[in-house]
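Asks: here's my sequence, what's the structure:
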Amino acid sequence: MKRTSQLLGAVSAFALIGLSTPAMAEGTQAGQTITNTVTVNYNVGGVAQTAETASDTFTVDRRVNFTVVETGNGATSVSPGSSESYVTFEVTNLSNAALDFSLDVAQDGADDFNIRQPGTLNDGFQLYLDNPLAGTVGEFDAADTLITFLDEIPEDETVTVFVVGDIPGGTVTGNTANVTLTGTAAEAGTTGVLGADVVANTGDADDPNAVDTVFADTGNDGIESDTDTFVVSAAALTVSKTSRVISDPVSGVTNPKAIPGAVVEYCINVENGAGSATATGIQVTDVLVANLTFDNTFGVFVDATADVNNVCSGGTDSGTYTAGTRTVAGTLSDIAAGGSQAFYFRAIIDGDVTFTTP
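Replies: Purely as a prediction, here's the structure:
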């Protein structure tokens with residue numbers, strides 16, 4: 001430290017008065033100079049003498065400290081084949097100077113699947129910086145910025161980084177992929193350019209006229225990381241289709257047989273396995289084969305119930321039939337784990353006999 005002093009004369013009484021106190025808090029900016037001046041007042045023969053002073057000046061060094069933290073405190077649920085799935089991290093610069101941060105993303109070798117770069121079949125990720133002023137803050141959306149590193153992050157500032165990728169199709173419930181984001185402290189100073197990795201002055205004596213660097217992060221190495229996990233939650237749908245004869249032109253509704261002119265009801269039951277993800281956007285299509293004619297006097301029922309004998313009932317007549325393609329279609333409501341929805345309609349076996357269905 002730089003010191004100045006003046007010789008003191010004979011002292012009968014003196015007082016040491018500190019006019020300023022060193023500010024060593026983390027928030028004191030690196031490079032700032034701190035000068036403390038001490039004043040000694042004294043008397044000689046009961047007469048006050050001119051005070052003597054001494055000063056000390058030094059430069060505040062740089063304390064590099066930051067965190068990389070996964071947010072959410074749990075695994076991130078994804079669906080097979082989902083695009084632009086993401087995990088979220090917060091990077092906080094706790095240093096007393098602005099910093100750049102290089103970013104690296106890696107998966108564990110033991111993962112069940114590899115994340116793919118969005119829109120491609122190549123393994124990898126994309127990084128996005130959350131926009132705190134537009135879009136939905138804290139959620140990945142179109143307002144966020146594609147990045148490769150963090151640029152000019154001021155002291156005491158927290159930014160949100162999204163690691164984004166596509167989930168391969170064919171993954172099943174319970175498959176996992178661990179994603180680790182690693183940040184490395186780098187020199188700031190030029191906007192848009194990643195600086196060199198920060199180097200600590202380890203083992204060097206303090207230079208009072210220069211800014212020395214000390215790593216104060218968890219590993220004391222200027223490198224921090226955290227891990228989040230993609231876990232696949234897939235719907236496990238099973239579909240059953242059964243038919244029953246409703247009536248025939250000979251016996252009516254009494255023990256009817258599947259003869260020409262008979263009315264047949266098809267019941268399609270869709271079930272979702274226990275512990276699975278909710279199935280949404282469920283579209284059912286059934287193309288009538290030759291020798292069947294759609295019974296347009298009955299309708300197409302969705303969100304119905306199938307009993308243990310696969311007999312459908314209830315529901316809403318909101319399905320459609322397209323004659324040109326002979327297609328019966330309808331949309332089922334979402335099916336949660338362990339739930340089911342049914343779909344049913346009727347058709348007539350082609351023949352020469354005309355019979356009015358009940």
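Asks: tell me the mean pLDDT over stretch 182-194?
Replies: Per-residue pLDDT values across stretch 182-194 average out to 96.
Asks: stretch 34-45 too?
Replies: Averaging the model's pLDDT scores along stretch 34-45 yields 94.
Asks: just checking, which helix or strand of the chain averages the lowest pLDDT?
Replies: Comparing helices and strands within the chain by mean pLDDT, DSSP states H and E singles out strand 13-18 as the least confident, with a mean of 32.
Asks: next SSE downstream of that strand?
Replies: Using DSSP states H and E, the next helix or strand after strand 13-18 towards the C-terminus is strand 33-44.
Asks: would you mark the buried spots in that next one?
Replies: Along strand 33-44, these residues count as buried under the neighbour rule (16 or more other Cβ atoms under 10 Å): 34, 40, 42. For every residue, glycine as well, the C-beta is placed using N, CA and C.
Asks: I'd like to know how far the residue most central in space within the chain sits from residue 164.
Replies: The central residue of the chain, meaning the one whose C-alpha is nearest the mean C-alpha position (Cα atoms, centre = their mean), is residue 87 at 2.8 Å. Distance from residue 87 to residue 164, counting by Cβ to Cβ, to the nearest Å: 8 Å.
Asks: over to residue 83?
Replies: With distances taken as Cβ to Cβ, residue 83 is found 9 Å from residue 164.
Asks: what do those two both touch?
Replies: Between them, residue 83 and residue 164 have residue 118 as joint contacts when contacts are counted by Cβ atoms under 8 Å, 6 or more residues apart in numbering.
Asks: flag the shaky bits of the stretch 151-300 of the chain, pLDDT-wise.
Replies: Low-confidence segments of the stretch 151-300 of the chain (pLDDT under 70): none present.
Asks: what are the ranges of the strands in it?
Replies: Applying DSSP state E, counting those that start in this stretch to the stretch 151-300 of the chain gives strands spanning 158-165, 176-187, 213-215, 223-232, 237-247, 263-272, 282-287, 292-294, 300-306.
Asks: let me have the ones you listed in CSV, extended by mean neighbour count.
Replies: Written out in CSV, the entries for those read as follows (neighbours: other Cβ atoms under 10 Å):
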stretch, mean neighbour count
strand 158-165, 21
strand 176-187, 21
strand 213-215, 19
strand 223-232, 20
strand 237-247, 15
strand 263-272, 21
strand 282-287, 15
strand 292-294, 16
strand 300-306, 20
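Asks: of the ones you listed, which is nearest residue 49?
Replies: Proximity to residue 49 (Cβ to Cβ) singles out strand 213-215 among these, at 42.8 Å.
Asks: just checking, what packs against that closest one?
Replies: In this structure, strand 213-215 packs against strand 62-64, with contacts taken as 3 or more Cβ pairs under 8 Å, 6 or more residues apart in numbering; DSSP states H and E.
Asks: tell me the residue furthest from the middle of this protein?
Replies: For the chain, the C-alpha lying farthest from the average C-alpha position belongs to residue 45; by Cα atoms, centre = their mean, that distance is 77.6 Å.
Asks: quick one: closest of the strands of the stretch 151-300 of the chain to residue 340.
Replies: Distances from residue 340 to each of the strands of the stretch 151-300 of the chain were compared using Cβ to Cβ; the minimum, 4.2 Å, belongs to strand 263-272.
Asks: neighbouring strands for that closest one, and are they parallel or not?
Replies: Looking at strand 263-272 with DSSP bridges, its paired strands and their directions are strand 237-247 (antiparallel), strand 340-349 (antiparallel).
Asks: now do the contacts for residue 349.
Replies: Neighbouring residues of residue 349 by Cβ under 8 Å, 6+ apart: 258, 259, 260, 261, 262, 264, 291, 292.
Asks: once you drop chain neighbours, what's closest to the second one?
Replies: In this case it means residue 259. Closest residue in space to residue 259, ignoring its immediate chain neighbours: residue 248 at 5.2 Å, by Cβ to Cβ, 6 or more residues apart in numbering.
Asks: could you report the neighbour count for the one you found?
Replies: Look at residue 248: counted by other Cβ atoms under 10 Å, it has 23 neighbours.
Asks: so it touches residue 264, yeah?
Replies: No - applying Cβ atoms under 8 Å as the test, residue 248 and residue 264 come out as separate, 9.6 Å apart.
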